[in-house]
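[1] Okay, here's the prediction I keep looking at, along with the sequence it came from:
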Amino acid sequence: MTAAFAYPTVPSRPLHVVAPALLADWLATLPAATEDWLTTTGFEAALGDLRLLPGEGGVLGAVVGLGTDAARSRSRFGLVKGIAGLPVGDWHLTGELTPEQSTETALGWLLSAYRFDRYRKTAPLAARLKAPDGCDAAALQAMAAGEFLTRDLINTPASDMGPAELEKAARDLATRFDAKISVITGDDLLTRNLPMIHAVGRASPRMPRLIDMAWGTGGPALTLVGKGVCFDTGGLDIKPSSGMLLMKKDMGGAATVLGLAHMIMALNLPLRLRVLIPAVENAIAGNAMRPRDILTSRKGLTVEVNNTDAEGRLVLADALALACEEPVDALISMATLTGAARVAVGPDLAPYYCDDAAMVAGLEHGARMGFDPVWRMPFHTPYESVIEPGIADLDNAPGFGFAGSVTAALFLRRFVTGPRYIHFDIYGHTPADQPARPKGGAGQGARAILMGLPAMLGL
């Protein structure tokens, strides 16, 4: 599935964007019949409220409300929530929009074209938009395409999206952009010193693996690590049935870094990209890892498994250690890691951890430019003692009772040596339909990273 702007030279109809404060003046410029039509139908220029403008030749155009500042602050991409009501054809924006509002509307329009139609037919978005003047059309289309890839991967049920299928998705992406890819599978993980990835995935008949993709020949080195737990039963510390309902999305970190990689490669950014995905299924069998087992990681640190349902940090730890074995300028991990992060910031915000001021500044700028909200969380070093069980170097599930996302981030930081590091603890799911964000799989943080890379890496 792709999202593209209308061809710029094709005739198009106007979509007027009107603010409530300017509505009376705008109505006065219209023919009396059109003004009466809008007044009769109760058009007040509320955010996203859409009306078609009829004429003798059919639909001559449309008008949508810009809403108030307060309404826009409460609804990201709110302006496009009614565009499904536009008839087929090409449209262009007209009205007093700031460059930021035009760009947000254009991106929201593209994202609204998403349909997950693998298992049932759905009606496509009929209306196409011409890219507004001044917006970076190529960047917006790359963002939408990367986001669609992420959504498709997360939305696909685990029956059709196991470690092998996730590998295929990575291979397809590598083929498209002429990237290199290698995969370590099954017991080879042990011989190649990736023991915790093997320990988490060994109980499933769908073999665990480490996917390693590389692209680019010059510029700074960026490594992305994404949690690829394709389904999480919780292991022997089994989840209740209600806790498994969304576990097809536990590979949301992997899906997001693949979507971000798509954006980077499609825009041909001047950097060297590496993507590492530990892809596993956390299943239950006689050879599953057990509570209180002690694992030895790739880095040599020992880990006491105090909950087999805290498996994501185990597979990420080996991948992070591997990432740090070669020079890298920036390292970013993304994972659907903890419920504590959702309690802290809810489903819409992407919380992240970083101690590097320049990286933080670049990311926060990118979040604004990409309309992709993030929230900084603390690597609170005094909690380090909480993740040290005494019998081993580290505890994967301390019984602290507080700050679960923070202690998980501190656990991962123990495996990072050298590069500047950002860790994202994302949700990867939209609980209910919102403008440009249908219920289901969702990328978080990818656009913020993409737009922040020039500042973060000096591109």
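    Cool, the structure landed.
[2] Tell me the strands beside whichever strand in the chain runs longest, with direction?
    Ranked by residue count under DSSP state E, the longest strand found in the chain is strand 272-282. Using DSSP bridges, the strands paired with strand 272-282 in its sheet are strand 209-215 (antiparallel), strand 221-226 (parallel), strand 228-232 (parallel).
[3] Highest mean neighbour count out of these?
    Highest mean neighbour count of those: strand 228-232, a mean of 29 (counted as mean count of other Cβ atoms under 10 Å). In short, each C-beta sits where N, CA and C put it, glycine included.
[4] could you pull out the strands for the stretch 351-459 of the chain?
    374-377, 394-395, 420-425, 429-430, 440-441 (DSSP state E, counting those that start in this stretch).
[5] Point out the most buried one among those.
    It is strand 420-425: most buried of the strands of the stretch 351-459 of the chain by mean count of other Cβ under 10 Å, with a mean of 26.
[6] Paired strands for that one, with orientation please.
    strand 330-335 (parallel), strand 350-353 (antiparallel).
[7] For residue 35, find the nearest of the ones you listed.
    Closest approach to residue 35 among these (Cβ to Cβ): strand 350-353, 44.1 Å.
[8] For that closest one, the averaged confidence score.
    For strand 350-353, the mean per-residue pLDDT is 98.
[9] repeat for stretch 285-303
    98.
[10] Quick one: low-confidence residue ranges for the chain.
    1 (pLDDT under 70).
[11] what about 90?
    Scanning the chain for pLDDT under 90 picks out 1-4, 6-11, 31, 33, 54-60, 96, 399, 401, 459.
[12] coming back round to it: possible to save the strands paired with strand 272-282 as JSON lines with distance to residue 47?
    Formatted as JSON lines, the strands paired with strand 272-282 follow (distance: least, Cβ to Cβ, whole Å):
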{"stretch": "strand 209-215", "distance to residue 47": "40"}
{"stretch": "strand 221-226", "distance to residue 47": "34"}
{"stretch": "strand 228-232", "distance to residue 47": "38"}
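[13] And the ones you listed: which comes nearest residue 446?
    Closest among these, using Cβ to Cβ: strand 221-226, at 9.5 Å.
[14] contact partners of stretch 212-219?
    Stretch 212-219 is contacted from outside by 170, 173-174, 177-184, 261, 264-265, 269-276, 457, 459, using Cβ atoms under 8 Å, 6 or more residues apart in numbering.
[15] Mind exporting the C-alpha coordinates of it to PDB?
    C-alpha atoms of stretch 212-219 as PDB (Å, rounded to 0.1, in the frame of the first residue of the first chain):
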ATOM      1  CA  ASP A 212      21.100  -7.900  10.700                       C
ATOM      2  CA  MET A 213      20.600  -5.400   7.900                       C
ATOM      3  CA  ALA A 214      23.100  -2.800   6.700                       C
ATOM      4  CA  TRP A 215      22.800   0.000   4.200                       C
ATOM      5  CA  GLY A 216      24.800   3.000   3.200                       C
ATOM      6  CA  THR A 217      28.500   3.500   2.600                       C
ATOM      7  CA  GLY A 218      29.300   6.900   4.000                       C
ATOM      8  CA  GLY A 219      28.500   9.400   6.700                       C
END
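[16] what's the spacing between the longest strand of the chain and its chain's center?
    Strand 272-282 sits 15 Å away from the centroid of its parent chain (Cα atoms, centre = their mean, to the nearest Å).
[17] Check which element follows it along the chain.
    Using DSSP states H and E, the helix or strand that follows strand 272-282 towards the C-terminus is strand 294-296.
[18] OK, contacts around residue 334?
    224-227, 252-253, 256-257, 423-424, 426, 445.
[19] try 7 Å this time
    226, 253, 256-257, 424, 426, 445 (Cβ atoms under 7 Å, 6 or more residues apart in numbering).
[20] Same check on residue 373?
    Counting by Cβ under 7 Å, 6+ apart, residue 373 has contacts 348-350, 367.
[21] Return the backbone torsion pair for residue 266.
    phi -60, psi -30 (degrees, to the nearest 10).
[22] how does the chain divide into domains?
    13-135, 141-457 (automatic domain parsing).
[23] Endpoints of the longest one, how far apart?
    Distance between the two ends of domain 141-457: 22 Å, counting by Cα to Cα, to the nearest Å.
[24] before we move on, back to that, selecting buried members of the contacts of residue 373 in ChimeraX, what would you type?
    Typed into ChimeraX, the line below selects the buried ones among the contacts of residue 373, using 16 or more other Cβ atoms under 10 Å:
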select :349,350,367
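[25] related to what we said a few turns ago, can you list the strands of the stretch 351-459 of the chain in CSV and add distance to residue 7?
    Below are the strands of the stretch 351-459 of the chain laid out as CSV (distance: least, Cβ to Cβ, whole Å):
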stretch, distance to residue 7
strand 374-377, 34
strand 394-395, 56
strand 420-425, 36
strand 429-430, 31
strand 440-441, 30
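[26] Residue 362: which of these is closest?
    strand 420-425 (9.9 Å).
[27] contact partners of that closest one?
    330-335, 337-338, 341, 350-354, 356, 359, 363, 405, 408-409, 412-413, 445.
[28] Produce a PyMOL select command limited to the buried residues of the residues you listed.
    Entered in PyMOL, the line below selects the buried ones among these, by 16+ other Cβ under 10 Å:
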select buried, resi 330+331+332+333+334+335+337+338+341+350+351+352+353+354+359+363+405+408+409+412+413+445
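[29] OK, contacts around residue 253?
    226-227, 334-336, 426.
[30] Roughly how far does it sit from residue 75?
    27 Å (Cβ to Cβ, to the nearest Å).
[31] what do you get for residue 317?
    Residue 317 is 39 Å from residue 75, by Cβ to Cβ.
[32] ok, the two, which is more surrounded?
    Shown here are residue 317 and residue 75; by other Cβ atoms under 10 Å, residue 317 has more neighbours (28 against 14).
[33] Restricted to helices, list the contacts of stretch 212-219.
    When these are checked against helices (DSSP state H), the matches are 170, 173-174, 261, 264-265, 457.
[34] Run through the strands of the stretch 1-150 of the chain in chain order.
    13-18, 50-55, 58-65, 89-95, 127-129.
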